[in-house]
Structures are given as C-alpha cells and as structure tokens.
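Engineer: I need the structure of the sequence given here:
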Amino acid sequence: MSSETVSFRPRRVRFVAIPAAAGLIALFVVIAVLLRNTPTGAYFEVSDQIAMAMVGVLLACGVLLLTRPRVRASSEWIEVRNLLGSTRYAWSDIRGLSFPDGSAWARLELPADEYISIMAVQSADGPRAVTAMRTLRALYKSASYTHPTPQHKA
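Structural biologist: Numbers count the residues shown, from 1 in each chain. The predicted structure follows:
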C-alpha cells in the first residue's frame, strides 16, 4: 500500500484573514500615531503608542489563527490540526468521515458518538472541500483493516 501523504488546508479563509490582519495592524498603527494629538486633555506617552500598535499586532495574530487548520492523511493515519492543537489518529480508530448539512466544516467520527471537527475542510471552499472529502474517504476505505460497524442502542 502506498505511504503517500495528502494534505488539505482551507483556501477562502486565507483570502479574508490575511488582508484583515494587515488592515488591523495598519489601523492600530494609525491610531497609535494619532494618539499623541488628541484634544481630550489626556496626555499619552510613547509607551502608550507602542502598546496601541501591539494591540493591533495581537489582534492580527488572532485572526491569522484561522489560517492554521490542516488535515494530513496517509493510508495508515489521519492528522487533524485545528486552531490550537494537532492530533493523529490511526484509521482503525475512526468510524467515518462526515460533512453534515449546514455545517461549516467536515468532521471525523470517533467511537462512542464523539467527533472531531476538521476545520481544514470548509464548506466555503466549495469544490475543493468536495475533492478533499473524496480523497479522505478513499483513504479511509482503502485502510487495511475491517471498519467497525456502528452499534445501535435499543
């Protein structure tokens, strides 16, 4: 079996997040520059201006976190990286892959009715999301073990 690894990342969110992050930095730098010249009677130091610019940088970093999700998979495993963490699962631990109607992103079905969101496969990406799901489902299907059947409770 091939050990080739496939990788998917969201695309449309990048077209929004990167300019938004740059805009936030520019906006807060402008505010920082204009902060010295306020007619309110308050006196702002250079440290206040630097702090205001840093607030813009921190907000931009928060927006850029939205570009972090990635999913990688091979014939033996799938690795899901969302905003803050990354986890690798063997295909034998997975019960299925789904993309519920109206959902923003796909999900990995785990035993005991648990699931993990796959934020890298987003409905906003349209055909790219369809391609990603088809590829991931093909890898899941081709895994060299018998998939567990869902248990229905009576």
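
Engineer: show me the longest strand that occurs in the protein.
Structural biologist: Taking DSSP state E as the assignment, the strand of the chain that covers the most residues is strand 114-122.

Engineer: send the alpha carbons of that strand over as CSV?
Structural biologist: The C-alpha trace of strand 114-122 is given here as CSV (Å, rounded to 0.1, in the frame of the first residue of the first chain):
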residue,chain,number,x,y,z
GLU,A,114,-17.7,11.5,19.6
TYR,A,115,-16.4,13.6,16.7
ILE,A,116,-13.5,15.9,15.9
SER,A,117,-14.1,18.9,13.6
ILE,A,118,-11.9,19.0,10.5
MET,A,119,-11.6,22.8,10.2
ALA,A,120,-9.3,22.4,7.1
VAL,A,121,-12.2,21.1,5.0
GLN,A,122,-14.6,24.0,5.0
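
Engineer: if we go by neighbour counts, what in it is buried?
Structural biologist: Neighbour counts using 16 or more other C-beta atoms under 10 Å place I116, S117, I118, M119, A120, V121, Q122 of strand 114-122 among the buried residues. From N, CA and C alone the C-beta is placed, and that goes for glycine too.

Engineer: list the buried residues in stretch 26-34.
Structural biologist: Using 16+ other C-beta under 10 Å as the burial criterion, the residues of stretch 26-34 that qualify are F28, A32.

Engineer: tell me the contacts of the residue nearest the centre of the chain?
Structural biologist: Against the mean C-alpha coordinate of the chain, by C-alpha atoms, centre = their mean, the closest residue is P69 at 2.9 Å. P69 sits next to R9, P10, R81, N82, L83, I118, M119, A120 when contact means C-beta atoms under 8 Å, 6 or more residues apart in numbering.

Engineer: hmm, 10 Å instead?
Structural biologist: P69 makes contact with 8-10, 13, 80-83, 86, 105, 117-122, according to C-beta atoms under 10 Å, 6 or more residues apart in numbering.

Engineer: tell me the one among these nearest to D93.
Structural biologist: D93 lies nearest to V80 out of the contacts of P69, by C-beta to C-beta, at 12.0 Å.

Engineer: so that closest one sits against Y89, correct?
Structural biologist: Yes: under the criterion of C-beta atoms under 10 Å, V80 is in contact with Y89, at a separation of 7.5 Å.
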